[in-house]
Each structure stands twice: as C-alpha cells, then as structure tokens.
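Asks: build the 3D model from these lines:
(chains A and B)
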There are 2 protein chains.
Amino acid sequence: MRKEFRDLAPAEEAHDAIASLDLGGGVERVPLREARGRVLAERVDADLDVPGFDRASVDGYALKARDTFGADEADPAVLDLAGVVHAGTEPDLVVGEGECAEISTGAVVPEGADAVVMVERTTERDGRIEVRTGVAPGDRVMFAGADVAAGERALGPGTRLTPREIGLLSALGADSVPVRARPTVGIISTGDELVRPGGALNSDAGQIYDVNSYTVATGVEEAGGEAVLYDHAGDDYDEMERLLVRAAEECDLVLSSGSTSASAVDVIYRVIEEQGELLLHGVAVKPGKPMLVGRLEGSAYVGLPGYPVSALTIFRTFVAPAVRRAAGVPEPRTATVAGRMATSERYAEGRLRLMPVGLVEGGPEEGDDPLVYPVDKGSGATTSLVEADGIVEMHPDTGYLDAGDAVDVRLFSPDVRAPTLFAVGEDDPALSRLLDGVDRPRFLALGGREGLRRLRNGVPDVAVATGTDDPGFDAVELGAWTREWGLVVPNGNPEGVEGLASLVDRDLRFVNRASASGLRTTLTDALAALAEERGTNRHDLVSAIDGFEAGVRAHESPARKVLAGRADTGLGLRATADRLDLGFVPVGTETVRAFAAPARAEKPSVRALADAIAEGSPFETLSGYDG
Amino acid sequence: MRKEFRDLAPAEEAHDAIASLDLGGGVERVPLREARGRVLAERVDADLDVPGFDRASVDGYALKARDTFGADEADPAVLDLAGVVHAGTEPDLVVGEGECAEISTGAVVPEGADAVVMVERTTERDGRIEVRTGVAPGDRVMFAGADVAAGERALGPGTRLTPREIGLLSALGADSVPVRARPTVGIISTGDELVRPGGALNSDAGQIYDVNSYTVATGVEEAGGEAVLYDHAGDDYDEMERLLVRAAEECDLVLSSGSTSASAVDVIYRVIEEQGELLLHGVAVKPGKPMLVGRLEGSAYVGLPGYPVSALTIFRTFVAPAVRRAAGVPEPRTATVAGRMATSERYAEGRLRLMPVGLVEGGPEEGDDPLVYPVDKGSGATTSLVEADGIVEMHPDTGYLDAGDAVDVRLFSPDVRAPTLFAVGEDDPALSRLLDGVDRPRFLALGGREGLRRLRNGVPDVAVATGTDDPGFDAVELGAWTREWGLVVPNGNPEGVEGLASLVDRDLRFVNRASASGLRTTLTDALAALAEERGTNRHDLVSAIDGFEAGVRAHESPARKVLAGRADTGLGLRATADRLDLGFVPVGTETVRAFAAPARAEKPSVRALADAIAEGSPFETLSGYDG
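Replies: Residues are numbered from 1 along each chain as shown, chains lettered A, B, ... in the order given. Down below sits the predicted model:
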C-alpha cells in the first residue's frame, strides 16, 4: 500500500498551508533575569518616575541657588553646614537660608535646597563651606521623572529584549515581564533502525544513529521554539497513532522526521488523514516531495523528509519561519549571503530545487563575494550537513545557472560561517592535525586525484595529493610531509606478515583502500615493482590477493577491520596502527604535498596552512618494523 | 581621600591590560542536546563508519548484479525470493545465485547481494520477482563508511555548534561533547541606594533600582559568559574586601559596577591595590575615565563606570571581546552598522569619545544608509539605553564630524535593531497606543515645540505637536486626534474644584507640567483668556497659583502627585485621570497632530502610523465633569 504523490503542490501553497496553522504563541511571564532574547508580548509603560526624587548628580553641597548669587573665586559665598545626606538615606535636615548640606552623588536633594554645587568648586574652612561659583536653580540636580516619567511608553509589544531593554526594565523595577510564549514543537523520529546518540549501536542489525531528532530540535530552538523529543516509533498503525496523538496533545506543532522508509510515511499519512486533517501532501520541491502538512488534535503537523540535509532544508525553508512568527522572533539578519556560482549547474525537473551548496572565499580581496558550489553527495549523506553551508533556490523555470552568476545563499543557520579554507584531496592523519591550525577549514577526503582535478577547475583553495610534485597545471606548492605506509596487522603480528610478498604468496584476508585513495595507487605501484622483480606481471600478483579489488573509503577502515578480527591485514599508515595499538609492517614512505590555486596562495587561511606545514611537527619519524 | 585619575591610559593600553588577564576558558563536557551555540574545545574525529554496514538506499530487492545482466522491460530477469530484510534487523538469509531478497530503505544488504533494484522496476508474479532492468554492482547501495569514514576529521576545535554540526555529531553517536567552558563573571553592584528590580523602593530615602547588574549580566551572557550576581555592598572597606575576594574566588572575572559614588570607587580601588594587583586606573576615553583593570585572588577584575550607558559602553568596548575570546565565541557579524551623520558634532577633549548615537532609516529607499544622531541626555539617564542604538568612536584627533559623514555604529548588542520610525514631540496616552501599530517605533517625549524644531532640522521622521496645524515649514500632516484636558483631582473631588477659576481664586496646591509641554502652553493660553475676561493680566492670575512656575516632565506625574496626596490638583488629561481612577474637571479639548518630513512620508512605518491615526480608535470621547 504505497502512497504515490501525485499533483505536487507548488512551494507557495506549502507556505500558505503552514501559515494557516495555529502554532500557539501565547503569553507567559518570565523573570527579568531570564528574559534575554525573549519578545515582549505587551507594551510596557512606566508606572513610576525615575528617579523617584530630586537626585544629586555629583558629590558636593546642596544649597539654595540664590545664596550663591555673584559668588566667584575671589569672593566665595560662605555657607553654614546643616548636615550630610548620603545616597540611600532619607535627609534628616532642611536647608535654610545661608545653609548647605554635604551630599553624595545619587542622594536625595533635601528640602529647602534647589541646586547642588560640585565639591571641586568648594572649600571647607573652619567648619563652614566656601562656594567659589554661582549656581542656578536646578544645577546638578536630576529632577524626579527626568529620566523616565511615569506614564511614558517604555517599550512596545514585539520588542526583543537585549541588554539595553533589560536595563530600562530594571530601572522600572520590573522583576518579571510578559513575553511571547515559545511554541512547543514535538519531534517524532520514525524508523526501527534508529538509535539515539549515546546508545549502543548494532551495525549488523542495520542500526544507525538518529540524526534528524537533534538536528531539527536544535533548529527549533534557534527559531525560538521549545523542542520535545519523542521516542521513535515503528511502523505499527496503532502505536504511531498513540504517539502522534500524545505529541499533538502536548505540543503546538508536531514534526515527524527520521525515517526514509515508505511504509512509516504511509502509516503517518493514514493517521493524519483519518484522525486529523490533511492540508497538503507532496510539494513540488526537491528535496521535499514527501512533505505533509495537516492538523491533529487541534495542533499543527508537518512531516519532514527523512534524509538529514533534506529534513533541515525543508525545516529551514517552510517550518522555521512559522515557528519564528509564533514566537515573535524576527527573521535573522545573517541568514542570507550573496555569492557567485563557481561552476555551472543544470537542472530542469520542473520543481523548485533547494540546492545544497558550499561557500568558499573567492580570493585574497576582502569583500569579494564568496564562490558557491553545489554539494551533492547523494541521498542520505549526513556529512553533507557540514560540507554544505546553505541552500540556493533554483526556480522551476531557471534550468541553468552559469559560472559567475550571482546567487543568494540561505544559510542552514544564521550562525553558520563559511569556511576560511577549502581543501580537497588525500586523507591523512597528519593533515587532520595541521588543519587544527587553521580557523574554520573544510576538507573533503576525496583522494589526491580528485583534489587536483577540482583545484584545476577553480573551486577549492588547496589540493592535497601524494605521488607527484607536479600537478600538471599552474599551482603553488605550499609544503610537503612524508608518511610511512605498509600493512597493518594485529598486535604482535600473529600471522608473521613480512611485507608485500606475504600478501601475494600467502592466503591472507586483506583490506584495501578504495580506488580514489592515493595510498592504493602507491600499493599498486609497489606491487608492479615486485612483479617486475619476479619477472611476472602485476595482474597475476593482484589476483592472488584476497580482497585487493574491493576497497574501503576511510583511511582507518582497513585497520579497524583488522582490529575487529575481520581481516588478517590491511593497507594503512604507521600513525593509524600506532593510534589503534595495532602491529605495523612498514613497506615504504611517501610524500604528501599541499598545492594552492595561485590566486588564493596569499589568503590568510592558506598561509596559515603553509605555516603549519613548515613548522614540521607532523613529520612522521621513519623507523623499522615494530609489529 | 578622593582619588584623582591622572595620566589616563590610552584606550589601546586598556585593551592590552584586559587581554593580559586570564579569563578562564577551560573545557567541559555537555550533553549533545544542550550543545547548541557552544564551541568545540577539541577536534572530533569519527571513530566509526557511517553507515556501519552496506545499506540499501531504496525500497526494493537486494540481488546479485550479474543475475540482471541484459534484463529489460521486454525480457525481465526472474528471481526467486529468498526472504525479506527490514530496516533495523539483522538479515537471516544469504542471497544465492538467481535469488533476491525484499529489502527496505536503510536495511542491511544481505550477504551474497551486491546491489539493490528499486521496487518500481520490478513486478511480483506467482511468488517470483521480475526485474525489468539491469543493475551494476553497488547500485542503490550506500557502502559502509561512505558517509563518514572512521578516522576522518569530523569537526575542528573552535567550531561553533549549529544544527548541522549537532547533526554530524549525532551521526557519530556522540552523547556529549567537549566544549569551551563559559567564563564565569561575577557582578558586584555597589551603592547603598540600589534596590534589585522587584524589591520595594523607598524613594524618600533616595533608593533607585539597580540597572547595571542585570544589564551587564545580560551582556555577559550574550558574549558567551555566565553571570553571577552578588548583593551590593556599601562603602565599608572590610565588607567590600570580603565581597570582592569571595567573588574572585568563585569567578574567572569580577566586574564592579553600579555606583557613581566616588567613595565606593575609592574603596574598591584600595582593595584591588592592597589585596591584588592594579594594572590600570583611568582610561582616556569618554565615558570610562574611572575604569579599573587588575587582578585579585588569581582572577581578573575590571571596574566599570556607574552610569548605565557608560557601563554598557565600556563593557561592550573592552570587556565583551575578552569574554568572547575566553568562551571561544566569534565576534558577532551584526555588531556594526554603517551610517551617515544626521547632524554635525564637535568634540575636542583629547580623549577617545565613545559617543552614544541613535539610528534612523534615512528615507523611503531600501539600502540607504541610516542616519546617525548623537544621543546625550546627560549623566545617568537610563532611557539613553533605549534611545541610543550604539556607539560611534570619535578619535582624540577627530574633533569634528560633519553632517553626511560616513560613520560605523557599533551596536550595543548584535540583536539591537534600529527603530523603523523615529518620532519626537508631545507625550500623549493615545499616541502610546497608536505606536503599538508600528514595528519598532522610537518616540522621545520632548514636547511639541522641540519635536517640530527637530523635524525641521531633518533628523526624526515625525513630530507630534498640539496647538497648530501649520508648523511653519514644509511638512506633511499625517493625521490628528483630540484630547480632553483639565484639572485632575482626587476621586470624588473633595475640594469641589470647579475649573480654572478655582485654581486662581482658592488656595490649592497645584502641579503644572514642565515648560516643554504643549499642555502647559494650552493652560497658559486658557489663563490668558480668563485674565482678559476679568480685565486683568495673565501674570496676576499665574502668580496666584501655588505651583504654577514649577512643573514636571511626565504627563502622568501631576496626577500621580494628586494620587499620593501631595497636591490638591494637577494639570492632566481625562485619559490619565480615568486610568488612575482619579476625578477630573474638564477645561477644554485640544487637537494633537502628527507631522512627517516630506521625504519620509512614504516610509512604511510612517504610513503605518498614519493608518493607525486614520482608524480613529484613539479619539477620546468628549464628556462633562465626572469627578
């Protein structure tokens, strides 16, 4: 019973459907101390004068201004001291003619006085006070209500509370303030295979960690809502119905997310259609086709796609604005960045495409628009979450974006900052450490060949590759380091592996790297040399190795398979073997080089990487067999 | 024993002194669910493959690719069904030659299978599966580690955690993450006269609410620190020492703030100098001369000025960047706005001036730089906190800024948004309600005359004034409303006040408005008419009124003095009397008008105000005596 989504609604209809939902938006009182970032629900008028009394603005003497008429340095007025008024105490005196009172900044100007003279213009002599200047009535006095006047409009509804508003509300003595309530958003993760982060994972049973729950919950909180996580449900109708109804009763909005399984989506669809009201199913947006919008138990419901980047994209595009509206939170100013396409991109499926893109600063000039490149790692890759910075909308009738075209990138979050360095190439543990010396680097471990190819095409700043000091096009070598490679074996080398010959001649379960890996190329070259030594050809040697043709993408994976007892030996680096406390049979050393695009060689981040390489710390020591 | 601050240090030295302090910056682990906005303290490498198994990317059938060789619509491959594999369960079958297994998206590709065909390209017939397309090995399979590979660098140190990073960390199964600890910042408010907001205030004893504690605490939290408030201390040396030492022991940084009293500053100065280490006292910055920087008990100490705008300015300029550095939080991107001076400003005191300024959108064109005008309400005004939006730095050698000069405004907070409407003029309760219809208005109640003067000088968008329909220069009238004015009396009108004649002829304690008030002008005109009726002059009448010459700035204050029993009658509006449940003796009605600068008349916010006036709701009803 699989639901086909026909008649996909245009994006505008999805916005309208969500806008028609009631997402809460009540009023609550919160202590002023916890009100930062909240939004006032009502106007606040001052109901007292600030200050509430005539207040001395300086340390000095309170007096009758007319007693100082004509006074100057040469001919000071001489007044009797009637007493002292401290800040925070009620005056116990009245200032009569010819008198004054010592007064502190902030103290009440006592009855009888109409001005204050600052202490610097007076001299105490024989218990009397000489005032060396004439003052006018009101001088150095802040009259009651001069700062905030009772009845004045202090802050309007919708005001976001930043430190300055908290300050004004403090002055008015508010200990709590009426703010817009945060809409509560229930998040239901569906899929039997999902495990909450931190739980034990059984990969053999196909379990994976639940990515969407925390991702979407964080997005909800960023938009001013309060997220409530519900335990994930299976595909059983009754169980799903109970969970959806409970979440709807407890929350203003329910989001389901997490499963890519058509059957779970079908079950939710049926629950909303039969128990609630389905407003929209399927939107002509890529991704987002399976989006659902409806109502259940008086609450709003939106179904998000299952893949993390799709879920976050649809959440940001359609749901977050509605959460912000309900919370009274303004649209973030930093949510959009102008850039220009680094490559051309064709698209003509007749749907609005929300294309995930990465950003890279285009050159050494500050103020240059960043370059924008599409990120498409295929369905379901969680790493796209951090390899893309945001979304470019390609409208159904656009079809084509040319390199250099101006585009607006809607960031995944207003806090997203584009990387300062974009590097592509060979993965390497020393490189991981080197990148720690760069502020916000992005590195895609796609292998050296792909790194050089992309560098030549002008998108990344840097390519990292092994095996060549001449990439064959114009590039600046930033630096190099060596690494020792060989065969990773269990600790103690129980099989007595002795090098490539063992691999070829014995019946060992071997784990190779994937074909993009520079290390695999290095191994292949070494096997070719061995074949020449033996007077045979490489293919004969290679076909004798169990596991040579397959290969894993991750540089640690062969070692981890050895660690797990699933292989006898794997292709790897000494650094990896050491880290995982495995044995290592060295075969050779190779040089890893970083190349920069000439136009970017002076970018501060590229210089920072070059400096980190030059500091030399990551050079691996060369040493013999230690397995 | 008052400390004179000689040899003021330049601003750069103050930055250096604060940068030399240790503000904490340790590492703590927080649950992933609470990690939003935090900053990673260490690099996080993946320690597992994602997915941890070869995973089906679609609903369909797992099979051996070679069994589908040459299959097409006309000649499908027909396979036996070996069983079913659901997501989240371990396969209990092996796919043999000529076999397939039904498989859900996300499920483990079972042993023997090397590809998945999507269900849409298959047909079930008589218990066997027809595959209507050829597939290649690896099709529709996401191999183990293809998303995240074990050993890969996932996130670098210093990464701020937004939804997407939380997503990647979820995929890695992290339930807690090492983040930079928030520096703890103790805030000590000094001054006997200060009362925490929410506490009872004794104005007669000169008490005021403590503004700086909450303002600075909010600023600390915005900068990524954790604020701890300490109860305010008096000026006693021993008590102050105990409090400062306790705060220093408990916090990474201690800020004192709140008192303008020289003696409290002196006491703190002595404690730091005698018990700790004083690095700097006095900075050649306006405001900020009394700033102190030092160490106490191994913690950092900074003394802020007492006045709220000064305290927030010095905090934002000198302290917040250090708190952000310690917390690992990047400088906010929205903290600075480009504008141009609306008026000229002269300054030549040889100190760096941190000039509080307001912003107003300059015209109907979007993208026009906002106008910037100095806000200087004089010392200690808390309302400057919301009447200014930020700071313009005037360097010691600048001396003069001309109208139209480009300036950068550093906002008081990255969340500050400039008002959309800037109005100046006569305060009025109906206007307060009307402004609720405008998004982010700013209104300065400086009286109608001052409003018109400023409108003519080109700064505000709108002036609000009584008594004229012709401001005498080019302005657009946006609308008008009437208000009933008269004498506010106690409920029941115990003195039997009957109008202006009572005021002149009887011995009543009267409260007038200040001279900027349009209402006072209206009263004066009415008294002139009465004098003419009586054949005398206005001055004779005025001098017979006890309290006529003085006057309060706030439009509610006369009524509040009546309410407090401090006056027999006060000048005011029926709306105010009704709101405070007082009696009211009507004298007349007057019209209040809003005028816009012609160039701003089409600003959306100005239109919104005009629309709100046109809706007419605020018109007060005219009615007779109801005291």
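Asks: how many residues are close by residue A:536?
Replies: If you count neighbours by other C-beta atoms under 10 Å in any protein chain shown, residue A:536 ends up with 13. Glycine gets a C-beta too; all of them are placed from N, C-alpha and C.
Asks: got a pLDDT number for it?
Replies: Note on residue A:536: pLDDT of 91.
Asks: name the SS class of it, please.
Replies: coil (DSSP: H, G, I helix; E, B strand; the rest coil).
Asks: okay, now the domains of chain A?
Replies: Following automatic domain parsing, one finds the domains of chain A at A:11-24+A:183-327, A:27-50+A:148-180, A:55-142, A:336-418, A:476-614.
Asks: ranked by average pLDDT, which of those domains falls at the bottom?
Replies: Among the domains of chain A, domain A:336-418 scores lowest, at a mean of 83.
Asks: in the helix or strand encompassing residue A:589, which residues are buried?
Replies: Using DSSP states H and E, residue A:589 sits in strand A:583-596. When burial is assessed from 16 or more other C-beta atoms under 10 Å in any protein chain shown, strand A:583-596 yields the following buried residues: A:583, A:584, A:585, A:586, A:587, A:588, A:590, A:592, A:593, A:594, A:595, A:596.
Asks: hmm, it touching chain B?
Replies: No - between strand A:583-596 and chain B, judged by C-beta under 8 Å from any C-beta of the partner chain, nothing touches; the nearest distance is 14.5 Å.
Asks: please list all residues in contact with residue A:449.
Replies: Applying C-beta atoms under 8 Å, 6 or more residues apart in numbering or on different chains, one finds that residue A:449 lies in contact with A:465, A:516, A:518.
Asks: go through the residues you listed and flag which are in strands.
Replies: Using DSSP state E, the members of the contacts of residue A:449 that fall within strands are residue A:465.
Asks: JSON lines please, covering the contacts of residue A:449 and showing neighbour count.
Replies: JSON lines is the format used below for those (neighbours: other C-beta atoms under 10 Å in any protein chain shown):
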{"residue": "A:465", "neighbour count": "24"}
{"residue": "A:516", "neighbour count": "19"}
{"residue": "A:518", "neighbour count": "24"}
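Asks: enumerate the residues of the stretch 401-550 of chain A near chain B.
Replies: Counting by C-beta under 8 Å from any C-beta, the stretch 401-550 of chain A sits next to chain B at A:412-413, A:415-417, A:427, A:429, A:431-433, A:435-436, A:438-441, A:443, A:445.
Asks: helices - which of the residues you listed land there?
Replies: Secondary structure from DSSP state H places A:429, A:431, A:432, A:433, A:435 of those in helices.
Asks: pLDDT wise, what is the second one at?
Replies: Yep, that's residue A:431 we're talking about. Looking at residue A:431, the pLDDT reads 93.
Asks: quick check: closest non-adjacent residue to it.
Replies: residue A:464 (6.0 Å; C-beta to C-beta, 6 or more residues apart in numbering or on different chains).
Asks: for that neighbour, give the beta-bridge partners.
Replies: Assessed by DSSP bridges, residue A:464 has beta-bridge partners residue A:425, residue A:594.
Asks: show me which residues of stretch A:101-119 are buried.
Replies: Buried residues in stretch A:101-119 (16+ other C-beta under 10 Å): A:101-110, A:112-119.
Asks: residue ranges of the helices in the stretch 201-350 of chain A, please?
Replies: Remark: helices assigned in the stretch 201-350 of chain A by DSSP state H, counting those that start in this stretch are A:212-222, A:237-250, A:262-275, A:308-314, A:320-327.
Asks: and the stretch 51-200 of chain A, by the same measure?
Replies: Counting by DSSP H, counting those that start in this stretch, the helices of the stretch 51-200 of chain A are A:163-171.
Asks: that older thread, the helices of the stretch 201-350 of chain A: which one's closest to chain B?
Replies: helix A:212-222 (3.6 Å; C-beta to the nearest C-beta).
Asks: return the distance of that closest one from the chain's centre.
Replies: Centre-to-centre, helix A:212-222 and its host chain are 11 Å apart (C-alpha atoms, centre = their mean, to the nearest Å).
Asks: next: stretch A:75-94.
Replies: For stretch A:75-94, the distance to the chain centre is 59 Å (C-alpha atoms, centre = their mean).
Asks: mind listing what's buried in that stretch?
Replies: Judged by neighbour count (16+ other C-beta under 10 Å), stretch A:75-94 contains these buried residues: A:76-79, A:82-83, A:85-91, A:93.
Asks: likewise for stretch A:151-166?
Replies: Buried residues in stretch A:151-166, counting neighbours by 16+ other C-beta under 10 Å, are found at A:151-166.
Asks: export that stretch as PDB, just CAs?
Replies: C-alpha atoms of stretch A:151-166 as PDB (Å, rounded to 0.1, in the frame of the first residue of the first chain):
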ATOM      1  CA  GLY A 151       3.000  57.100  32.300                       C
ATOM      2  CA  GLU A 152       5.600  57.200  29.500                       C
ATOM      3  CA  ARG A 153       5.600  54.400  26.900                       C
ATOM      4  CA  ALA A 154       8.700  52.500  27.800                       C
ATOM      5  CA  LEU A 155       8.800  49.500  25.400                       C
ATOM      6  CA  GLY A 156       6.300  48.400  22.800                       C
ATOM      7  CA  PRO A 157       4.900  44.900  22.100                       C
ATOM      8  CA  GLY A 158       7.200  42.800  19.900                       C
ATOM      9  CA  THR A 159      10.400  44.300  21.400                       C
ATOM     10  CA  ARG A 160      13.200  41.800  21.600                       C
ATOM     11  CA  LEU A 161      14.900  42.100  24.900                       C
ATOM     12  CA  THR A 162      18.600  42.800  24.600                       C
ATOM     13  CA  PRO A 163      20.800  44.200  27.400                       C
ATOM     14  CA  ARG A 164      19.600  47.700  26.900                       C
ATOM     15  CA  GLU A 165      15.900  46.800  27.300                       C
ATOM     16  CA  ILE A 166      16.700  44.700  30.300                       C
END
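Asks: is chain B contacted by that stretch?
Replies: Yes - on the criterion C-beta under 8 Å from any C-beta, stretch A:151-166 is in touch with chain B at A:151-160, A:162-166.
Asks: nearest to residue A:404, out of those: which one, please.
Replies: residue A:160 (38.3 Å; C-beta to C-beta).
Asks: please name the nearest non-neighbouring residue to that closest one.
Replies: Among residues not flanking residue A:160 along the chain, residue A:39 sits closest, at 5.4 Å (C-beta to C-beta, 6+ apart).
Asks: go on, residue A:578?
Replies: residue A:584 (7.2 Å).
Asks: what do you get for residue A:376?
Replies: Nearest residue to residue A:376, sequence neighbours excluded (C-beta to C-beta, 6+ apart): residue A:356, at 7.0 Å.
Asks: so the one you found lies in a strand, does it not?
Replies: Yes - under three-state DSSP, residue A:356 sits within a strand.
Asks: got a list of what it touches?
Replies: Counting by C-beta under 8 Å, 6+ apart, residue A:356 touches A:309, A:313, A:374, A:375, A:376, A:384, A:388, A:390, A:391.
Asks: tally of neighbours for residue A:298?
Replies: Residues near residue A:298, counting by other C-beta under 10 Å: 10.
Asks: ok, it to chain B distance?
Replies: Per C-beta to the nearest C-beta, to the nearest Å, residue A:298 is found 28 Å from chain B.
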